[in-house]
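K.L.:
need coordinates for the following:
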Amino acid sequence: MKNYFLISFCLCLISIGCGNKNKETIPADVLPPKKMVSVLVKINLLEASINLNASHDGKTSADSHFFNPLKEEKVTTEQYNKSFDFYSHHPVIMDSIYADVLNELSKEKAEELKR
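P.N.:
Numbering: from 1, shown residues only. All right, here's what the predicted structure looks like:
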């Protein structure tokens, strides 16, 4: 009976500890996760496009194109950098963001294959 209470107590502590980590407060000057997903999807699509074009003609122009997804999303470079830095220091949230990015890219690929 003692072991049952000890195990139950430990499980409660673990679940409380894990629950607090996932409810991280995101500062007001950091892009919300959904907006960050949208920006990262567009950046990944642009990088893929640049890489495809570079493999065909041997030239890349990533520097001149990189800021277009940010402008399209009405995000400044500073906002993006600050947000990326924040999420990089909060891996649980970043993992969730990248899972959503992969889902969005998969949806776009499936739509493209239908055409």
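
K.L.:
buried residues in the strand or helix carrying Ser96, which are they?
P.N.:
Using DSSP states H and E, Ser96 falls within helix 91-114. Using 16 or more other Cβ atoms under 10 Å as the test for burial, helix 91-114 gives 93-94, 97, 100-101, 104. For every residue, glycine as well, the C-beta is placed using N, CA and C.

K.L.:
for the protein, what spans make up the strands?
P.N.:
Counting by DSSP state E, one finds no strands in the chain.

K.L.:
next one: Thr76 from Asn68, what distance?
P.N.:
13 Å (Cβ to Cβ, to the nearest Å).

K.L.:
likewise Lys35?
P.N.:
Using Cβ to Cβ, one gets 16 Å for the distance from Lys35 to Asn68.

K.L.:
counting neighbours, go ahead and name the busier of the two.
P.N.:
Lys35 (16 against 12; other Cβ atoms under 10 Å).

K.L.:
hmm, Val75 and that one touching each other?
P.N.:
Yes. Contact criterion Cβ atoms under 8 Å: Lys35 and Val75 qualify, at 7.3 Å.

K.L.:
related to what we said a few turns ago, which other helices and strands contact the helix holding Ser96?
P.N.:
With contacts defined as 3 or more Cβ pairs under 8 Å, 6 or more residues apart in numbering; DSSP states H and E, the packing partners of helix 91-114 are helix 33-57, helix 77-88.

K.L.:
now what about it, what contacts it?
P.N.:
With contacts defined as Cβ atoms under 8 Å, 6 or more residues apart in numbering, helix 91-114 is touched by 21-22, 24, 26, 33-34, 36-38, 40-41, 44-45, 87-88.
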